[in-house]
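*Asks:* Sequence isn't available, so here's the structure alone:
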């Protein structure tokens, strides 16, 4: 008897709650409505990116050879001037000694060329030239004297003809000596140029080998973190192989890959949030540095590469890791907002359905920035008004509804 009484009381209670709602609703469809409110709104671009050092010190193998010993430890801080590793340099040192000998010989040859080349050859040519000049002076004087004597019948025509023949021979000799002098000058000029080139080549060889020997003992030229050390002692490396990379990781650069349709909203100086799957819950903040000027293919995507400067004080973000990137392209404080799902696009118009009593009224609105879930409302809605959310009921102007709140 008590059990029946309890069940009866519960039944009456349920009917007392359900029946008023049912009869109050009648045949009106249920529609979820939400009050328009205010909040801080951020328009975001979400993408992926890769961490890069800002000013990396990259050390490469200057020649093919073996790594003799490694002194530094990957992941540790290094100081300016600290030796990181050493390569075997015996062959390069021997090559440097030979290059220095060739440099000295080339300098001696250049000095000789600048001094006039072979001294004996130059001296003999100048002696011959002086003798020829004296001979020309003598023969021309004799010719004048013989011509006067012939006019007085004190000399014969044969004497004058022999003088002319000797003078022609001396003049031919003068032309030959001038040709030799010109040829010698040209040859000496070429010898100087050739010797100068040999000196320069030898000097460059010496400088290059000295630089290679220095690069075979890489030292950090600024304080930083040794974030890459791919070699070990006795490893054989080829010219250009990376030996080590050092950088100050307190600030890093993130290269964000932003899809082409979203590039138009980017500007330098926009706030950036970086997250890394290996450190859940941790956010690194930064700013965009530059807007891409070109689009590149990355897999199946067309993206612009946006460079972002990011604070990394501890440091925890390491170069070459993949990260997630959020770029705040616009922000509004205390904006009137409406759920994106409540906004219908009709051509160039955006409309919502506002609850007016028990009926829906279609109203055009003008929106501003948008987040992933909400629009900023610039015109057409006021704070506190209630808008209908889409569901099973087809919303239309004038529809009488039974409004319910979202679960």
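*Replies:* Nice, thanks for sending it over. Just so we're clear, the structure is a prediction, and the values are computed from it rather than from any experiment.
*Asks:* Just checking the distance from the helix of greatest length in the chain to the centre of its chain.
*Replies:* In the chain, taking DSSP state H as the definition, the longest helix is helix 157-215. How far helix 157-215 lies from its chain's middle: 52 Å, per C-alpha atoms, centre = their mean, to the nearest Å.
*Asks:* What are the contacting residues of the helix or strand just after it?
*Replies:* Once helix 157-215 ends, the next helix or strand along the chain (criterion: DSSP states H and E) is strand 224-228. Outside strand 224-228, the residues that touch it by C-beta atoms under 8 Å, 6 or more residues apart in numbering are 53, 57, 72-78, 84, 220, 242, 244-249, 315, 318-319. Backbone N, C-alpha and C define where each C-beta goes, glycine included.
*Asks:* quick one: buried residues of stretch 28-40?
*Replies:* Residues 31-34, 36 are the ones in stretch 28-40 that count as buried (16 or more other C-beta atoms under 10 Å).
*Asks:* still on that earlier bit, give me the buried subset of the contacts of strand 224-228.
*Replies:* 53, 57, 72, 78, 84, 220, 244-249, 315, 318-319.
*Asks:* of all these, which comes closest to residue 125?
*Replies:* Lowest distance from residue 125 to the buried ones among the contacts of strand 224-228 (C-beta to C-beta) belongs to residue 57, with 60.1 Å.
*Asks:* Can you name the residues bridging to residue 354?
*Replies:* Taking DSSP bridges as the rule, residue 354 bridges to residue 361, residue 387.
*Asks:* Near residue 401, how many other residues are there?
*Replies:* 20 (other C-beta atoms under 10 Å).
*Asks:* Who are the contact partners of it?
*Replies:* Counted by C-beta under 8 Å, 6+ apart, residue 401 has contacts 28-31, 355, 358-360, 388, 393.
*Asks:* I figured residue 324 was touching residue 50, is that so?
*Replies:* No: with contacts counted by C-beta atoms under 8 Å, residue 324 stays clear of residue 50, the gap being 11.2 Å.
*Asks:* low pLDDT regions in this structure?
*Replies:* For the chain, the stretches with pLDDT under 70 are 1-26, 116-119.
*Asks:* How is the protein divided into domains?
*Replies:* 25-42+333-404, 46-55+247-332, 59-85+217-245, 91-215 (automatic domain parsing).
*Asks:* Specify the beta-bridge partners of residue 35.
*Replies:* If you apply DSSP bridges, the partners that residue 35 bridges to are residue 386.
*Asks:* residues in contact with it?
*Replies:* 384-386.
*Asks:* and the residues you listed, which are buried?
*Replies:* Here, 16+ other C-beta under 10 Å leaves residue 385 buried among the contacts of residue 35.
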